[in-house]
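[1] Sharing a sequence plus its predicted fold:
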Amino acid sequence: MLSSRAAVRGLQLFTWRSLSTSTCVQEAHGKEVATSSIDCSQPQYNDRLDTPLPDIPYVTEFNTEQSKLKEKEKGPWTQLTKEEKLALYRLSYRQTFAEMKKGSSEWKTVVGGLFFFLGFTGLVIWWQRVFVFGKPPHTLSEEWVAMQTQRMIDMRVNPISGFSSEWDYNTKQWKK
Amino acid sequence: MAHPSQLGFQDAASPVMEELLHFHDHTLMIVFLISTLVLYIIVAMVSTKLTNKYVLDSQEIEIVWTVLPAVILILIALPSLRILYLMDEINDPHLTIKAMGHQWYWSYEYTDYEDLGFDSYMIPTQDLSPGQFRLLETDHRMVVPMESPIRVLVSAEDVLHSWAVPALGIKMDAVPGRLNQTAFITSRPGVYYGQCSEICGRNHSFMPIVVEAVPLEHFENWSSLMLEES
């Protein structure tokens, strides 16, 4: 019980705010919330392939240097150097399309985790076979299965398109 | 019976089961077509390079994907209802058998002409004769004349059971205090296995059903023998 109280306290102090969806609602109602959370009532910036034009530019408050660049942008663009054009792009957008499409190495972690847990499951199953399971029934032995198969053929089990339809009763062997 | 690792249905031993097989083929094909279409759409949507993906309005496709599923459902419902009513047809049975479920065995009563009744217990694994099927064989089988309409009245003496024989396309709950009726005709002679299909206690998996369909003379010999025995 002590440890569960400690766990709840830990959740409350360190992770609850960042996991909670109620922070947006709280902030909208004027309550000061400590963690970095977004104000959903204002237009947000986003890098998404399917909405290529974000609602606001990435950088909205400019320092002196950036303000000077923005002033120069109001003039003819042919007078902008390549670096200035790139800097202006980076002021409006955080990522280029190429960077957005690039993807991450997350799949390697996922696949690695998948194989790890598959392997672990295999270990558990092997342990069960050795230490838990009893002997299989004697009807699974090869001799019994052979007698059983012959009996199924003699009884014409599923003779139309199933089991016995694969047996050739004239030549007494399985059909090719 | 099913062969080991069998996935599909057993071959039909009655006309109703044949109908069910064809209906299942028809419906499963529709299911595969729809699933393939949905899988294709998912893959196409996930892998597209297009950015303008959000169409807001289109009357034509909305009509299509409302009417087409309704049509498909009708195409499934009509054969289904046909078989449902087929199963309830007046069939004038030659023989009526009562199958009573107990914990944990079945008992069969043939009381049309004489008073014949017997219990049908599973043969335990250690007592099997060579080649017999584990968990499926019983000491006494329910023998019926082949190609004759048979009525089975299913009930139970203690808890819920269910009398099921997949090759004949039959499953009927055995409810204590209630008589449930089902009927079948076997199209061919043979031995057909089934298992209790309603949880009924510790040996629910160990009270199988075996129906043996034989020519009429054999049935008559068998019933005389059984009457003498009891």
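    Perfect, thanks for sending it. Numbers count the residues shown, from 1 in each chain, chains lettered A, B, ... in the order given.

[2] Would you map the helices across the chain?
    Let's take chain A. Assigned by DSSP state H, the helices in chain A fall at A:2-10, A:16-19, A:22-28, A:64-73, A:82-92, A:97-102, A:106-131, A:142-154.

[3] switch to chain B, that's the one I care about
    So, for chain B - with DSSP H - the helices run B:15-47, B:59-87, B:216-229.

[4] Which among those helices is found nearest to chain A?
    Closest approach to chain A among the helices of chain B (CB to the nearest CB): helix B:15-47, 9.4 Å. From N, CA and C alone the C-beta is placed, and that goes for glycine too.

[5] That closest one: which residues count as buried?
    Across helix B:15-47, burial judged by 16 or more other CB atoms under 10 Å in any protein chain shown covers B:16-17, B:19-21.

[6] domains in chain B, as residue ranges please.
    Per the TED database, the domain ranges recorded for chain B read B:15-88, B:95-229.

[7] Nearest to residue A:174, out of these?
    Set against residue A:174 and scored by CB to CB, the domains of chain B come closest in domain B:95-229, at 18.0 Å.

[8] How far does the closest one stretch from one end to the other?
    21 Å (CA to CA, to the nearest Å).

[9] Let me have the helices of chain B in a markdown table, extended by mean pLDDT.
    Converted to a markdown table, those look like this (pLDDT from 0 to 100):
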| stretch | mean pLDDT |
| --- | --- |
| helix B:15-47 | 96 |
| helix B:59-87 | 96 |
| helix B:216-229 | 95 |
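
[10] Kindly present those as a markdown table, with separate columns for distance to residue A:108.
    Below are the helices of chain B laid out as a markdown table (distance: least, CB to CB, whole Å):
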| stretch | distance to residue A:108 |
| --- | --- |
| helix B:15-47 | 19 |
| helix B:59-87 | 39 |
| helix B:216-229 | 69 |
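
[11] In TSV, list those along with distance to chain A.
    Shown next, in TSV, are these (distance: least, CB to the nearest CB, whole Å):
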stretch	distance to chain A
helix B:15-47	9
helix B:59-87	19
helix B:216-229	15
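
[12] Just want the most central residue of chain A.
    Note on chain A: the residue nearest the mean C-alpha position is residue A:110, at 7.6 Å, using CA atoms, centre = their mean.

[13] per-residue confidence at that residue?
    pLDDT recorded at residue A:110 is 96.

[14] Compute the distance between it and residue A:117, please.
    The spacing between residue A:110 and residue A:117, counted by CB to CB, to the nearest Å, is 11 Å.

[15] thinking again about what came up before, rank the helices of chain A by pLDDT, which is bottom?
    With a mean of 58, helix A:16-19 has the lowest mean pLDDT of the helices of chain A.

[16] In chain B, what residue lies closest to chain A?
    In chain B, the residue that lies nearest chain A is residue B:131 (3.5 Å; CB to the nearest CB).

[17] State the number of residues packed around the residue nearest to that residue when sequence neighbours are not counted.
    Among residues not flanking residue B:131 along the chain, residue A:147 sits closest, at 3.5 Å (CB to CB, 6 or more residues apart in numbering or on different chains). Neighbours of residue A:147 under the rule other CB atoms under 10 Å in any protein chain shown: 16.

[18] what's the answer for residue B:136, then?
    Neighbourhood size, residue B:136 [other CB under 10 Å]: 18.

[19] residues touching the closest residue to residue A:80 other than its chain neighbours, list them.
    Spatial nearest neighbour of residue A:80, chain neighbours left out: residue A:72 (6.7 Å); criterion: CB to CB, 6+ apart. Neighbouring residues of residue A:72 by CB atoms under 8 Å, 6 or more residues apart in numbering or on different chains: A:79-80, A:84.

[20] Just the pLDDT for the closest residue in space to residue B:210 that isn't next to it in sequence.
    Here the nearest residue to residue B:210 in space, its sequence neighbours aside, is residue B:141; by CB to CB, 6+ apart that works out to 4.3 Å. What the model reports for residue B:141 is a pLDDT of 96.

[21] ok, now residue A:14?
    For residue A:14, the model assigns a pLDDT of 63.

[22] Surely residue B:103 and residue B:158 touch.
    Yes: counting by CB atoms under 8 Å, residue B:103 touches residue B:158, with 5.3 Å between them.
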